[in-house]
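1. sequence unavailable; structure follows:
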């Protein structure tokens, strides 16, 4: 029997989950749930669209609800709320607030006998797993995370809020020399500026003061002030033609040792589409959540708590026979 | 309370486990167990040496027995045998025989209420995990495993069995152009010869026929015939000076997609010491085995069945707070 998946929220990430669920033969997409008027939403694959109000009447129709909302305000409310009714999976990524979010989801899921998996994706998610495996195998080493080259939506949004900016795309780029030093096991101490640069492509409004926009970007605290930032003004056509995708990726590099012997572990991703890869991770975790709950497990979980075999559509026997 | 570890078998791998257990503050090395005369074995760290005959009287003193034997004849007998008395961990690496070995260990461990984890290390082990995660997240993609640059002990041994060879070291080397094509997501079809080359360093006996030795190496079926192999004759001093270590490593590269968007996942290892890294994986898995058994789990397991958090000495709360 297929695992029946619902998607709550239909932005870029929700569309990524839709594509992933449709690519998994053992999963079935029940529908997309939206806070907007359902008749105003058309899904890419033709999946049904429901109002979030319908969810409470569909607890028998959905095995796992994948919640695709923002970490700032949506997920802290939605994930604990829906963990009372469904097994849920989210991609909560505000690192500092993970313990509080976990506690809320854990309490709700435990009380309902459901599973609630938070912070799935690639960082947090696959990158976290690789940090954990490396630290566990070689205690006392040092991990480095480099992001990019890829589009940071948060930074792109921050530029768009500047007066005179029509559209913007920001690429986070790792500093090649630092990446190389880490790969060679040199264990450098790196400042924020030495790890990444920021590359901005901006469409200005007609007659806007470009020098002022560039200055405002480069001096923006937290987002840009601590980085070497380049700003390129481009036309709307160029933006459309050259910056329409949302690629991302990066590397987790761990440098550890056994006595005098050094060991370097690297996990890296080159993704054409950040939301589609993240959606694919969520779809695999949804499979694990359904299976773990069917075995009687409940409560809050992260990818750290999921035995890898649960993520696969293949049986334990098949995996041992040809993947081990 | 520390996790009490015993090591059965004291070759390169046993020494690697010894070093790793001593580097893990939450683990305690009870001793090394050998089939040789214990008085003839001196451990690197000064750990006690016992005869394997003592094991049956020490079931209350050891939480996990790490079995460091060969996959051809030792482990198929030893792992099921000792799974009747202890939680056990091994590095069984004969891929074709994993299902049979698993079945034997599973039956013994289940009957005894113990955990038996087989095939731990980096391949099988960390590489297998990365194949599994990638296939689960992006179904329908293609995985490539490249080994090296590193010493293959099996191939080095095969050369040593040739008449006139005093000592030998064989390095497996990935073909850079193929690695590059895979990293770029080109999904090439690669023959054995196109994936790896084999580099041999040989110390010949005085007066041995080097041309014959080189020919015998290059034409050896399975080991060398399907590869581009180079043979370098060196002196005993050069062997000692330049080839005393056992470095290894490699990459698992997965190329998948979501519709038109390509994604490339790479996990790579650069290891100064193959047995010490493998020993470090075994020490982490031993921690997981002890914890899982303490929670009531039993039976045969692989790293696919171990939730990553079990491998870490840190608590779930700590991991969520700073590693996720």
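-> Yes, it's here. This is a predicted model, so every value here is computed, not measured.

2. from here on, just use CA atoms for contacts and neighbour counts.
-> OK.

3. near chain B at all, stretch A:27-44?
-> No. On the criterion Cα under 8 Å from any Cα of the partner chain, stretch A:27-44 is out of touch with chain B, staying 12.1 Å away.

4. just the endpoints, please. Distance across that stretch?
-> One end of stretch A:27-44 to the other measures 17 Å (Cα to Cα, to the nearest Å).

5. what is the mean pLDDT for that stretch?
-> The pLDDT scores in stretch A:27-44 average 97.

6. ok, now stretch A:151-170?
-> In this model, stretch A:151-170 has a mean pLDDT of 96.

7. just stretch A:191-200 next, same as before
-> Stretch A:191-200 shows a mean pLDDT of 97.

8. can you give me the end-to-end span of that stretch?
-> 21 Å.

9. what segments of the stretch 101-250 of chain A are helices?
-> Secondary structure of the stretch 101-250 of chain A, counting by DSSP state H, counting those that start in this stretch: helices at A:126-137, A:153-160, A:176-183, A:192-195, A:210-218, A:236-242.

10. top helix in chain A by residue count?
-> Ordering each helix of chain A by length in residues (DSSP state H) puts helix A:274-294 first.

11. which strands or helices does that helix pack on?
-> Counting contacts by 3 or more Cα pairs under 8 Å, 6 or more residues apart in numbering or on different chains; DSSP states H and E, helix A:274-294 packs against strand A:3-8, helix A:12-23, strand A:64-67, strand A:87-90, strand A:115-117, helix B:126-137.

12. any residue of the next helix or strand after that helix up close to chain B?
-> Going down the chain from helix A:274-294, the next helix or strand is strand A:299-301, by DSSP states H and E. No. Using Cα under 8 Å from any Cα, strand A:299-301 stays clear of chain B, with a minimum separation of 9.7 Å.

13. which phi and psi does the residue nearest the centre of chain A have?
-> With the centre of chain A defined as its mean C-alpha position, the nearest residue by Cα atoms, centre = their mean is residue A:121, 3.9 Å away. Dihedral angles of residue A:121 (phi, psi; degrees, to the nearest 10) stand at phi 150, psi -140.

14. that one contacts residue A:281, doesn't it?
-> Yes. Using Cα atoms under 8 Å, residue A:121 makes contact with residue A:281 at a distance of 5.4 Å.

15. related to what we said a few turns ago, who's in contact with the residue nearest to the centre of chain A?
-> Residues in contact with residue A:121, defined by Cα atoms under 8 Å, 6 or more residues apart in numbering or on different chains, are A:91, A:277-279, A:281-282.

16. which of the residues you listed sits closest to chain B?
-> Taking Cα to the nearest Cα as the measure, chain B lies nearest residue A:281 of these, at 5.1 Å.

17. number of residues surrounding that closest one?
-> Residues near residue A:281, counting by other Cα atoms under 10 Å in any protein chain shown, number 26.

18. contact partners for it?
-> A:120-122, B:137.

19. redo that, cut-off 6 Å
-> For residue A:281, the contacting residues are A:121, B:137, by Cα atoms under 6 Å, 6 or more residues apart in numbering or on different chains.

20. okay, it: pLDDT?
-> As predicted, residue A:281 sits at a pLDDT of 98.

21. quick one on the thing from earlier: so for chain B, which of the helices of the stretch 101-250 of chain A sits nearest?
-> That would be helix A:126-137 among those, by Cα to the nearest Cα, at 4.7 Å.

22. closest point of chain A to chain B, which residue?
-> Closest approach between chain A and chain B, counting by Cα to the nearest Cα: residue A:307, at 3.8 Å.

23. phi first, then psi, for that residue.
-> Torsion angles at residue A:307 (phi, psi; degrees, to the nearest 10) stand at phi -60, psi 130.
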